[in-house]
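Q: With the input below, show me the fold.
(2 chains)
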Amino acid sequence: MNLAQLLDRLRADATFLDNVTRWEVLPPREARTADFPDSLHPRLVSTLRERGISELYTHQAEAVRAAAAGEPFVVVTPTASGKTMCYNLPVLDTILRDPQARALYLFPTKALSQDQMHEVHGVITDLGADIKTYTFDGDTPETARRAIRSSGHIVITNPDMLHQGVLPHHTLWVKLFENLRYVVVDEVHHYRGVFGSHVANVLRRLRRIARFYGADPLFIGCSATIANPGELAAQLAGGPVRVIDDNGAPQGEKHVIFYNPPVVNRELGIRRSAVKETRALAERFLAADAQMIVFARSRTRVELLLTYLARAGRRTGIRSGEVRGYRGGYLPTERRAIEQGLRDGTVRAVVSTNALELGIDIGRLDVCVMCGYAGTVASTWQQAGRAGRSRNLSVAVLVATSSPLDQYVVANPEWFFARAPESAAVDPDNLVILVSHLKCAAFELPFDAGEQFGGRDVGEILDYLAEQGVLHRDASRYHWMAETYPAEDVSLRSAAPENVVIIDTDQPRGLVIGEMDLFGAQEMLHDEAVYIHGGRQYHVDKLDWERRKAYVKPVQVDYYTDAQRKTELRTLTDDESLDAPYGRKGLGEIGLVSKVTVYKKIKLGTHENVGAGRVHLPEMELHTTSFWWELPADAHAWLAASRLDLGDALKGLAHLLGRVAPAFIMADPSDIHALPMVKSPFTDRPTLYLYDAYPGGVGYARRIFLQLDEITAGALRHLERCTCGHGCPACVGVPADAGATAREGARRLLAAASPAG
Amino acid sequence: MDLRSRLARFEPLNKPRDDGRAPTPPDEAALAAMGFVTVASAAGPVCLRSALVRIASPRSLAPLTRVLTAPVPADVPADGILLLDTETTGLAGGTGTLAFLVGTAWWDGDGLRVRQYLLTSPSAEDALLGSLAELAARFAVVVTYNGQTFDLPLLRTRGILCRRRGMLDGLAGLDLLPVARRLWGRRLPDCRQATVENEAGCTHRGADDIPGHLIPAAWWNFVRHGETGTLREVCEHNLWDLQGMAAILDAAIVRSRLLDAPLSGPPSGPLPWQDAWSLARLCERRADAPLEARSAAAAWIVAALPDAARQEAPPRFYADAVRILKRVRDWERVGTLLAECAQRHGPSPWAHLEAAILYEHRLRDPRRALAHAQELGDEHRAARLRARLVD
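A: Numbering: from 1, shown residues only, chains lettered A, B, ... in the order given. A predicted model of the protein is given here:
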């Protein structure tokens, strides 16, 4: 049986189809090509011809022309559409004409940098040109660094290394900065939220240093498909950027199937294990002689699925060694061998974490099975893009887990298939992040009085830092004056670096099973809490708050715990406010002081309250940006007329929007917190707050403010489709938490708010 | 909410360094009292002070080539040598650290001429560096203490920031820190400059020498509040550093002369055993006269042996000594040293292997060789030796 026959059989399988929420067939697409632009160096053209490339895809030609015109751009096309050519061609062309020219490539991970180096290197070897390409990261030996600094034409690095290892030592990189012609940022869509806001500032510093050396590099970006690639790239590039998204690469017919495992426990919203369903599906594809990649979200799941599939050899007819695992923690040589095996077909199936989601070259496969939603539409398409040859049939299957976000996606497939439903949020002007990078920048070069940073006036901040003794202002400049090295204290990957580590004391030497932010830890990892992790229950023996450690032991009990956080919210600024379909929407800064005081024990199944306890943990403070939705004053009476409770409705709505909104703004559910208030002291009305979980905020609340209509419409659609009855974790929360009428109340509010209603 | 209160909210900084004091410019009179004057230079006004110290100039730098790995022109006359030491706003490295006091010194007919450049404000840096570059152009060698990794790169970086690229590039660098490590490092508790200059007989550094960690604050208090109290101490400290360097340079030349050709081995006077060991190691590295170097190295080690034995020499000493004596085929001493090392530091695979080879091939004592081979667990060798014993 081949893949097409298997698809026919699945289409006729009623049990299978019962669980399929969407079967989308993307028709085949012919390649659209263009001649090599005249501007391209003849040597480059002839080398490409020797490599069997006789013309360019339309988007590649457009990129070459934009670069030649000195126009910054971002390429937005799917996986394996020949994106790297969009920047390699202009860069190599420039270096061929001017051997002094330099380019800097930024990739979010080290593995990707290595892969990219091999690729560029291949072209350069064929060119026979003396163009030196190096990766520069934490692993680069000290002895190699001098050569890289002085003679590397293309330096490939990551934002963290640029931030801590290159910019603060720019005088060692004079050659690079003086001749810097291109800054290439791949995987632009990764630079969002806290990380993106930091990286935007690192790039501001980079441009500032380049200016000092008289260079003005051209920005080239590549992004997966999102709703606002131009906006995001502009934040990184520090100015408007042309969007090139007219994909000319060919694509065979492609089937995308959303599969939701059958329900096991309706009240708790628990479904059959996604791992087991993935395994069953994967075995069927292997038996159909298809080359396959399986994505799983954790390293443990990768190993589990790998074991299952390797054992299934007898049923599927494949030999051991033909199924391989791929994840962080494998040796580089092992990974190279697997990548090679995938390209030449000796590896039939690979089970991977998202390590293979990014651009590493493994050729193109027939089938992709995703065990769990990848977190964003962009990532999901990148994973799905691993399957799909330019001519043949390919299949991608998403197997949903029970998590609320997975359930939202699988239950609302039209949201997923709408053109680019997610917008990436960044806020380079987040005060905490901005100030951190102003310090780094002042260390790198003194600030002239009146000098702007990232196009904004920063005099007031510099004056403040001077008053604090961090900078020294003399006649015309601000100088760094602290003894420390500021970049060392700034991590790009976090706003609040602290997490609580979760340790399973039943395991030998105490196994770390996870980490949690401080807010979450107070609610879920307090002493005596029953914490659910990876489908297992754990009892928290001790939360050592000072040391940020929670000691847990696996247990099997018939209850779970639910902690109550008492939060005081003060609205500090009212920056924007607009009429909304039902009430008003606002955006501003808030101050929160909160404390977890008590927890309840709730019986599984019946949701009876079977006990309670006190929690003794310190208060938490947060100043951040919040969106709020202020309901009309008569909302209470309006709902009461239908015997619905406003408090329940708001609680349910908070639960629902806290899980649906992240899908629209490329956030993790832990990036946003929701707080319902029956009567907010600021608005004096029933109000729902959705705020950034990071000090100062990184743009999520603003995106919610801008996209409120589509988010409420999405939430309403999701709620109406949820099959739970009276509330479940995937929609408004279980009735024991949210209240018996939460679901209907939330639905009414959303319906009233929806533009159509 | 205005930006200032938001900043205060998000940037809960450490207590302000200024304690609320208003900035005050540096006090000209106080500077003058310290001997500083403002002088016009091509790049602008520079604040400096000068002194003359009675220290004799060194004779040829040539002997130091036996100690250095980087080449230094051996034929530099005394007036081609510039001593340099900086005081900085931090030790972190990177571009944001300033050299606020640059001490320089050179010899002329009268003695050691010292000139200290002081930065009275960060924006005066360009003039200071310009004036320094002009001075430096008169010299061929710049002598520092740890300057190859610290002072000189820092000045070059600041030069780039002030658009004075290539500043100091014309000078060969002679860093006294690696020299001191190689000559005295095996004996001294550390190779900080104060320790080494004391060894070199330079004892005028005051007991009240300012601790290094107070130096950055001393300058900021001067620039921001006009305070000169601790700055005065920093300037003295810098002066002592320069004098100390002169003394170390001289002592290093005198000591290195022991390595000069003809390589004759130890002088009649006693030398601490660790220093003799150091000289043996330096002889070993001489590639220009290999045979002579071998016997000289052996002579230095032999000179070190009696005291080394009395004073608990570390295993590294024995490893060096065995290697050096093997080269001159002094098998008896090698045997003694191996036994002594085992007695002092316990048995080690290295000592057993050396002894097994020594007794099997050199001293032809298969019985002892077998004992060592067995301790080592070298079955192959043991079998061979047993066979020989049976024969």
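
Q: Close to chain B: what parts of the stretch 451-600 of chain A are there?
A: Proximity of the stretch 451-600 of chain A to chain B, by Cβ under 8 Å from any Cβ of the partner chain, involves residues A:460-461, A:464, A:467-470, A:472, A:474-477, A:479-487, A:572-573, A:589. Yep, even glycine has a C-beta here, placed from its N, CA and C like the rest.

Q: now, which of those lie within strands?
A: If you go by DSSP state E, those have A:His472, A:Arg477, A:His479, A:Trp480, A:Glu589 in strands.

Q: how about those residues in JSON lines, adding distance to A:Trp381 and neighbour count?
A: Shown next, in JSON lines, are these (distance: Cβ to Cβ, whole Å; neighbours: other Cβ atoms under 10 Å in any protein chain shown):
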{"residue": "A:His472", "distance to A:Trp381": "50", "neighbour count": "23"}
{"residue": "A:Arg477", "distance to A:Trp381": "48", "neighbour count": "19"}
{"residue": "A:His479", "distance to A:Trp381": "48", "neighbour count": "22"}
{"residue": "A:Trp480", "distance to A:Trp381": "44", "neighbour count": "29"}
{"residue": "A:Glu589", "distance to A:Trp381": "35", "neighbour count": "22"}
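
Q: Could you point out the helix or strand that follows the helix or strand where A:Arg284 lies?
A: Element membership for A:Arg284 (DSSP states H and E) is helix A:274-287. Counting by DSSP H and E, the next helix or strand C-terminal to helix A:274-287 is strand A:292-296.

Q: ok, that next one: who's next to it in the sheet?
A: Strand A:292-296 sits in its sheet next to strand A:349-352 (parallel), strand A:367-371 (parallel), going by DSSP bridges.

Q: Need the contact partners of that strand.
A: Under the contact criterion Cβ atoms under 8 Å, 6 or more residues apart in numbering or on different chains, strand A:292-296 has outside partners A:275, A:278, A:282, A:285-286, A:302, A:304-305, A:309, A:342, A:348-354, A:356-357, A:362, A:365-372, A:374, A:383, A:386-387.

Q: Just the angle for that strand relative to helix A:274-287, thanks.
A: 170 degrees (axes from the mean of the first three to the mean of the last three Cα atoms, to 10 degrees).

Q: Export strand A:292-296 to CSV, keeping only CA atoms.
A: What follows is strand A:292-296, C-alpha atoms only, in CSV (Å, rounded to 0.1, in the frame of the first residue of the first chain):
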residue,chain,number,x,y,z
MET,A,292,8.2,10.4,8.0
ILE,A,293,9.0,12.9,10.7
VAL,A,294,7.2,12.9,14.1
PHE,A,295,7.4,16.0,16.3
ALA,A,296,6.9,15.7,20.0
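
Q: I'd like the distance from that strand to the chain centre, please.
A: Remark: strand A:292-296 is offset 19 Å from the chain centroid, using Cα atoms, centre = their mean, to the nearest Å.

Q: Report the mean confidence score over whichever helix or strand comes after it.
A: Once strand A:292-296 ends, the next helix or strand along the chain (criterion: DSSP H and E) is helix A:299-311. For helix A:299-311, the mean per-residue pLDDT is 85.

Q: what packs against helix A:299-311?
A: In terms of contacts (3 or more Cβ pairs under 8 Å, 6 or more residues apart in numbering or on different chains; DSSP states H and E), helix A:299-311 is packed against helix A:274-287, strand A:292-296, strand A:323-326, strand A:349-352.
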